[in-house]
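K.L.:
mind looking at a prediction? Sequence and model below.
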Amino acid sequence: MSGPKLNLRVRSIEPLSPLLKRFELEMADGGEVPPFGPGAHLRFNLQGDHQRWKNAYSLVTPPTERRRYAVIVRRVEHSRGGSAFMHETVKPGQILEASVPANLFPVSQIARKHLLISGGIGITPFLSYLAAFKSKAAGYELHHFCRAKEAEIFGHLLRDHESSRIHIHAGTEFNLSSVLSSQPLGTHLYTCGPEGLMDLVLDTARTHGWPASKLHSESFGSAHMGGAPFIAILKRSGAEIAVREDQTLLEAIEEAGFEPTNLCRGGACGECLTRVLEGEPEHRDHYLDEGERASNCSIMICVSRAKTNRIVLDL
Amino acid sequence: MTLAFKPAETFRKDFTYRNSEAGILRFPFPFAEDTYMYSVNIEPHLPGGPSPAYDHAFDVDEHYVAECKERAIVLAEDPNRCKVLPHMTEAQWDTLELIMESFAKDYPEHFSLQKNGTRWSWENRPLGLKDSFTFGDLSSLPYEPFEYITRQAQGDFTLQDQRDNNLFVDGGMVTTQADWSLEFDIGMTFHEWHGPVPLAHQLGVFDRALKFLLRLQYGQPVRRLNWTMTINPRLDTSPENYPVWGPDRNTVTPENVAQKVHLRVELQTLFRLPRSNAILFGIRCYLASVAELARVEKWRKRLHRVLRDLPPELEDYKGLTRYRKLVVDYLAPFDDGAPLSRGPQPDQTIL
Ligand code: FES
């Protein structure tokens, strides 16, 4: 599903390090930015000369701030992707399109204490967490891992928060097990950063008996939207439709001028069920049961895609 | 259309509630086909659709003032009809903001919201209210924010916290419910709460609906319709009050059936709230008597067919057993069996 869009004007760009830039954004129409909660992100539609990217960045502004948003973008080395575009092409005053904030990494409302473990740029969602904890006087503890040469930059980003609760580990000894086994009852654990770090943190927590309900990790959950491009062929009209990586199969079919039946656009209601004549679906819905999935005869076109380069639909 | 409120209408004792002609034509009639079956009929809550009742995030109609008064009466008798657990404070402010911003934008002649940072001024002209408060400061409002704003809105509301891959009913304002109780349900999970619906569980309806709702996104609300029938235009048919309204069912006769029996439609809306990540569930109740609906040619025929062919387990669940046949008998002479257009729209613009 692609929801409402925002037009955001770049207010300022502040380089934090050779690889990190902070972008401040305001509504192009001068109004208030929509509210969001700690952990929310914006998904940008970046339009380059010959290419488009959909990049998601965590909001780092305090959730109470309604005049502007801010995000921090790390330039991915040796990449010509969206982060390079943000770093090199985007200038103050420019208008960027983004979807309204979405949150796949919210804070628990019932936690007694929040334990945060991040690595590198994975600190960004925690910047809005910390602002929220501060205004609610909630208990927390943050451990951040980074390279030695970046310790100062991250220290600077965290300067407004209680230093006794914040631990920056730049190559220093750290005993994860002892931190995870010494938390008070009712603590929730959140982790964000490189996959290796998140896996290690979550595995160690499970070994120490943490229940799944208290473990939270950030994944930008693009699962629903994007994926590899493929070709869909509508048997009845013979139409050949190229499904881009940043759109759903249903959106691509609609863009080509067809109107297949649909309702929820989220894989739940069953309305958009379509017969598959050739090719293999990559099922992402909540509607089909195991048997129906395995048979590969049906696809919910609002969320599912194709594993094969080509898929032929009875449409 | 400018709204003419009917502040003197009642939903109890003398039951003076009526729909105007325009009110009948905008009724969110729930039957798109001649038969009814339970399904996950969830769709995006976008403006537009077969009735103007879907045009705004929160519909305000001619019954607005009277319904707010009715709510105040119920709360005066039983303050427990509004309850919010302590961890839902953020969700309370989310709700207040969402309803105030929607009302002010969609009905500027009736509501206005001025903001100066966190200093907000709210004016509700139909109810004659004017309050200034500090957003985020509980002590600056006469009630907690959720109660404050839902006293000024039509329909019931519940607040769901999302945790452990489930939704928990952790707050609500429930004064117009069709036979369920907030006292009893608070803290329940999604499945427990929907427990008694027959057939739906077998169809896996709730598993799918829950998975879908867990992914509900801010800015992309959804809606669905539900329906039942009620004797007299009574909003408060709560289990607590069963002794008051239960006996009504025995008062239906062939002579009064069209006036007494009301189709009760719930427009259910679900909003992801931005700060708390909770879900606001709005349950807006629309009532129209069989006589009112029978003024629309398509609706009298369709209502006849749906009720005539209703599966017995649904008849039972919806509590229609005692009087369904009376309604069917009343409507039967109006139904010539001619095919009807698909969809619920009335197919006529005047009565
Ligand atoms: S539109 Fe509902 S499952 Fe696809």
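P.N.:
Structure received.
K.L.:
show me the contacts for A:E24.
P.N.:
A:V10, A:R11, A:S12, A:I13, A:E14, A:R68, A:Y69, A:A70 (Cβ atoms under 8 Å, 6 or more residues apart in numbering or on different chains). In this view, the C-beta of every residue, glycine as well, is placed from N, C-alpha and C.
K.L.:
the fifth one looks like it's in a strand, true?
P.N.:
Yes: with DSSP: H, G, I helix; E, B strand; the rest coil as the criterion, A:E14 is assigned to a strand.
K.L.:
for it, give the beta-bridge partners.
P.N.:
Note on A:E14: beta-bridge partners A:R22, judged by DSSP bridges.
K.L.:
can you count the residues close to it?
P.N.:
Around A:E14 there are 11 other residues, counting by other Cβ atoms under 10 Å in any protein chain shown.
K.L.:
go through stretch B:312-329 and flag the buried ones.
P.N.:
By neighbour count, with 16 or more other Cβ atoms under 10 Å in any protein chain shown as the criterion, the buried positions of stretch B:312-329 are B:L314, B:Y317, B:K318, B:G319, B:L320, B:Y323, B:R324, B:L326, B:V327, B:V328.
K.L.:
looking at these, which are in helices?
P.N.:
Here DSSP state H is the test, and the buried residues of stretch B:312-329 give B:L314, B:Y317, B:R324, B:L326, B:V327, B:V328 as lying in helices.
K.L.:
chain A: which of the residues you listed is nearest?
P.N.:
Of all those, chain A sits closest to B:L314, with 19.5 Å by Cβ to the nearest Cβ.
K.L.:
hmm, back to that, closest one of the buried residues of stretch B:312-329 to A:L197?
P.N.:
Set against A:L197, the nearest of the buried residues of stretch B:312-329 by Cβ to Cβ is B:Y317 (51.2 Å).
K.L.:
secondary structure element holding whichever residue of the stretch 201-350 of chain B sits closest to the ligand?
P.N.:
Nearest to the ligand in the stretch 201-350 of chain B, going by Cβ to the nearest ligand atom, is B:F212, at a distance of 8.3 Å. Taking DSSP states H and E as the definition, B:F212 sits inside helix B:205-214.
K.L.:
check the stretch 251-351 of chain B for the residue nearest chain A and tell me.
P.N.:
Residue of the stretch 251-351 of chain B nearest chain A, by Cβ to the nearest Cβ: B:N277 (3.7 Å).
K.L.:
give me the neighbour count for that residue.
P.N.:
Number of residues near B:N277 (other Cβ under 10 Å) recorded here: 26.
K.L.:
and it, what does it touch?
P.N.:
By Cβ under 8 Å, 6+ apart, the neighbours of B:N277 are A:G37, A:N103, A:P106, A:V107, A:Q109, B:Q162.
K.L.:
same check, this time on A:A138
P.N.:
Contacts of A:A138 by Cβ under 8 Å, 6+ apart are A:A111, A:K113, A:H114, A:A132.
K.L.:
from those, which land in helices?
P.N.:
Judged by DSSP H, helices contain the following of the contacts of A:A138: A:A132.
K.L.:
who wins for neighbours among the contacts of A:A138?
P.N.:
A:H114 (23 neighbours).
K.L.:
now do the SS call for the residue most central in space within chain B.
P.N.:
Centroid check for chain B by Cα atoms, centre = their mean gives B:R284 as the closest residue, at 1.7 Å. What three-state DSSP gives for B:R284 is strand.
K.L.:
verify the stated contact: it with B:G155.
P.N.:
Yes: counting by Cβ atoms under 8 Å, B:R284 touches B:G155, with 3.3 Å between them.
K.L.:
overlap of the contact sets of these two?
P.N.:
B:F58, B:L267.
K.L.:
which parts of the stretch 101-250 of chain A sit against the ligand?
P.N.:
Taking Cβ under 6 Å from any ligand atom, no part of the stretch 101-250 of chain A reaches the ligand.
K.L.:
read off the pLDDT value for the closest residue to the ligand within the stretch 101-250 of chain A.
P.N.:
At 7.1 Å from the ligand, A:L250 is the closest residue in the stretch 101-250 of chain A, using Cβ to the nearest ligand atom. According to the prediction, A:L250 has pLDDT 93.
K.L.:
I'd assumed it was in a helix, is it?
P.N.:
Yes: per three-state DSSP, A:L250 lies within a helix segment.
K.L.:
now do the contacts for it.
P.N.:
When contacts are counted by Cβ under 8 Å, 6+ apart, A:L250 touches A:P260, A:N262, A:R265, A:C272, A:I301, A:C302.
K.L.:
wasn't B:P339 part of a helix?
P.N.:
No: assignment of B:P339 by three-state DSSP gives coil, placing it outside any helix.
K.L.:
give me the phi and psi for it.
P.N.:
With angles defined as degrees, to the nearest 10, B:P339 sits at phi -60, psi 150.
K.L.:
how about residue 78, what does it touch?
P.N.:
Because you didn't say which chain, this covers chain A. A:H78 neighbours (Cβ under 8 Å, 6+ apart): none.
K.L.:
that answer is for a different chain, and I need it for chain B
P.N.:
Contacts of B:D78 (Cβ under 8 Å, 6+ apart): B:E240.
K.L.:
against which helices or strands is the least confident helix or strand in chain A by mean pLDDT packed?
P.N.:
Least confident element among the helices and strands of chain A, by mean pLDDT, DSSP states H and E: strand A:52-58 (a mean of 84). Under the contact definition 3 or more Cβ pairs under 8 Å, 6 or more residues apart in numbering or on different chains; DSSP states H and E, strand A:52-58 sits against strand A:41-47, strand A:69-74, helix A:82-88, helix A:124-136.
K.L.:
so which of the ones you listed gets nearest B:A53?
P.N.:
Nearest of the helices and strands packed on strand A:52-58 (Cβ to Cβ): strand A:41-47, 32.0 Å.
K.L.:
near chain B at all, the closest one?
P.N.:
No: on the criterion Cβ under 8 Å from any Cβ of the partner chain, strand A:41-47 is out of touch with chain B, staying 10.6 Å away.
K.L.:
what does stretch A:181-200 give?
P.N.:
No: using Cβ under 8 Å from any Cβ, stretch A:181-200 stays clear of chain B, with a minimum separation of 9.6 Å.
K.L.:
for that stretch, what does the pLDDT average out to?
P.N.:
93.
K.L.:
low-scoring stretches of the chain, by residue?
P.N.:
Using chain A. Residue ranges of chain A with pLDDT under 70: A:1-2, A:79-80, A:219-226.
K.L.:
should've been chain B
P.N.:
B:1, B:178-186, B:191, B:193-205.
K.L.:
how about residues contacting the least confident helix or strand of chain A?
P.N.:
By Cβ under 8 Å, 6+ apart, strand A:52-58 touches A:39-46, A:71-73, A:81-83, A:85-86, A:105, A:124-125, A:127-128, A:218, A:220, A:222, A:225-226, A:246.
K.L.:
returning to that earlier point: partner strands of the next helix-or-strand element following the helix holding B:F212, parallel or antiparallel?
P.N.:
Note on helix B:205-214: by DSSP H and E, the next helix or strand toward the C-terminus is strand B:222-231. Applying DSSP bridges to the sheet, strand B:222-231 is found paired with strand B:43-44 (antiparallel), strand B:261-272 (antiparallel).
K.L.:
which residues of chain A lie near chain B?
P.N.:
Going by Cβ under 8 Å from any Cβ, the residues of chain A near chain B are A:1, A:3-4, A:32, A:34-37, A:40, A:63-64, A:99-103, A:106-110, A:212-213, A:224, A:263-270, A:286-287, A:289.
K.L.:
show me how to select, in ChimeraX, the buried members of those.
P.N.:
Buried residues within the residues of chain A next to chain B, by 16+ other Cβ under 10 Å, are selected in ChimeraX with:
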select /A:1,34,35,36,37,40,63,99,100,101,102,103,106,107,108,109,110,224,263,264,265,266,267,268,269,270,286,287
